[in-house]
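A.B. asks: Mind folding the following:
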Amino acid sequence: MGLFDKLFGKKEKESLDQGLQKTKESFMSKMTKAIAGKNTVDDEVLDSLENALVSADVGVETTVKIINNIEKRVAKDKYLNTTELNRLLQEEMENILVDAPASNSYAFTTALPSKPYVILVVGVNGVGKTTTIGKLAYNFKKAGKSVLLGAADTFRAAAVDQLTIWSERAGVPIVKQDMGSDPAAVAFDTVQSGVARKSDVIIIDTAGRLHNKAHLMEELTKIKRVMGKIIPEAPHEVLLVLDGSTGQNALEQARQFTAATEVTSLAITKLDGTAKGGVVLAIADQFRIPVKFIGVGEQMDNLLVFDKHEFIDSLFKLQ
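C.D. replies: Coordinates of the predicted model:
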């Protein structure tokens with residue numbers, strides 16, 4: 001039993017296994033073909049492995065890194081056989097994934113490093129940002145923490161309405177203003193209210209616009225500045241939400257947002273609907289930002305705290 005099971009139990013582990021099923025089926029079928037009838041890891045096996053990784057959307061750059069490391073091990077050990085390849089590949093894939101720093105490492109059920117703990121959520125429209133916020137609120141509340149939401153995406157009326165619906169589903173309060181209001185003012189009011197309420201967690205939504213990166217940077221900088229007037233360290237976390245099913249497009253979004261603001265963690269959604277789950281490795285490798293949450297289904301509890309050991313285990317787990 002791994003860390004994931006200890007923290008969250010059998011149900012969540014099963015959700016992870018099921019959510020990664022499409023990626024696993026595609027990837028492992030290619031792996032099986034790559035090593036069929038082989039007794040040693042040769043160039044043909046490595047070429048097939050490379051194709052399997054790329055098809056899972058691990059990305060060319062990250063795939064080359066993994067293959068090069070395996071080649072070095074094969075050259076060193078000389079007689080590495082295909083039965084050892086799975087173990088070696090799992091090790092290399094785990095090494096790609098970034099651990100969250102201690103100050104930013106928590107589960108829904110564990111103590112938070114600050115109170116209130118302020119999470120600023122960024123990401124383009126359509127990636128599941130509002131849904132992720134709702135699921136975060138639900139899971140934190142389920143774990144016994146008091147949560148307050150802030151609807152600082154005032155660019156779209158629908159964004160405020162959607163977040164309000166999620167606040168009602170999760171059973172947590174929300175701070176909001178009219179469409180077109182200053183997002184920084186909403187953020188300020190939310191943090192101020194959270195302090196007054198003695199909330200454990202404050203989660204603030206932001207606009208998902210990328211057409212004007214300079215404006216986005218200016219807006220996020222202002223939001224951070226006004227929150228800092230109440231809590232100097234706020235936000236404690238800037239969570240970027242990405243849609244895992246979009247593959248390389250998710251990488252481009254990560255590139256844009258990391259250029260616009262200091263992203264400290266990632267949430268990757270919709271992994272249950274794609275065979276491209278390898279994009280988790282590509283994003284973590286290229287941006288060296290820890291994946292904090294993954295979405296593996298539509299249910300409220302299908303947002304899981306990410307554990308790299310269990311993620312890789314689920315990809316390779318035999319039925």
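A.B. asks: Next one: residue 193, what pLDDT does it get?
C.D. replies: Residue 193 is assigned a predicted lDDT (pLDDT) of 97.
A.B. asks: who's in contact with it?
C.D. replies: Residue 193 sits next to 148, 175, 199 when contact means Cβ atoms under 8 Å, 6 or more residues apart in numbering. The way it works is simple: take the backbone N, C-alpha and C, and place the C-beta from them, glycine included.
A.B. asks: please redo it, this time with the cut-off set to 10 Å
C.D. replies: For residue 193, the contact set (Cβ atoms under 10 Å, 6 or more residues apart in numbering) comprises 116, 148, 150, 173, 174, 175, 199, 202, 230.
A.B. asks: Most neighbours among those, which one is it?
C.D. replies: Neighbour counts for the contacts of residue 193 (other Cβ atoms under 10 Å) peak at residue 150, which has 31 neighbours.
A.B. asks: So it: helix, strand or coil?
C.D. replies: Look at residue 150: counting by DSSP: H, G, I helix; E, B strand; the rest coil, its state is strand.
A.B. asks: returning to what we had before: please produce a markdown table containing the contacts of residue 193, extended by pLDDT and distance to residue 254.
C.D. replies: Compiled in a markdown table, the contacts of residue 193 are given as follows (pLDDT from 0 to 100; distance: Cβ to Cβ, whole Å):
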| residue | pLDDT | distance to residue 254 |
| --- | --- | --- |
| 116 | 96 | 27 |
| 148 | 98 | 27 |
| 150 | 97 | 23 |
| 173 | 98 | 31 |
| 174 | 98 | 28 |
| 175 | 97 | 28 |
| 199 | 97 | 29 |
| 202 | 98 | 24 |
| 230 | 96 | 29 |
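A.B. asks: Make a markdown table out of those and add secondary structure and distance to residue 244.
C.D. replies: What follows is these, written out as a markdown table (DSSP: H, G, I helix; E, B strand; the rest coil; distance: Cβ to Cβ, whole Å):
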| residue | secondary structure | distance to residue 244 |
| --- | --- | --- |
| 116 | coil | 29 |
| 148 | strand | 28 |
| 150 | strand | 26 |
| 173 | coil | 30 |
| 174 | strand | 27 |
| 175 | strand | 30 |
| 199 | coil | 30 |
| 202 | strand | 26 |
| 230 | coil | 34 |
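A.B. asks: which residues of the stretch 51-200 of the chain fall in strands?
C.D. replies: Along the stretch 51-200 of the chain, the segments classed as strands by DSSP state E, counting those that start in this stretch run 117-122, 147-151, 174-175.
A.B. asks: before we move on, the earlier item: now, among the contacts of residue 193, which is nearest to residue 62?
C.D. replies: Proximity of the contacts of residue 193 to residue 62 (Cβ to Cβ) peaks at residue 202, which lies at 34.2 Å.
A.B. asks: With adjacent residues omitted, what lies nearest to that closest one?
C.D. replies: In space, and not counting its chain neighbours, residue 202 is closest to residue 194: 4.1 Å by Cβ to Cβ, 6 or more residues apart in numbering.
A.B. asks: residues in contact with the one you found?
C.D. replies: Residue 194 sits in contact with 115-118, 146-150, 173, 175, 200-204, 227, 230-231, 234, where contact means Cβ under 10 Å, 6+ apart.
A.B. asks: now the strands for the stretch 201-319 of the chain?
C.D. replies: Assigned by DSSP E, counting those that start in this stretch, the stretch 201-319 of the chain shows strands spanning 201-205, 237-243, 265-269, 291-295, 303-305.
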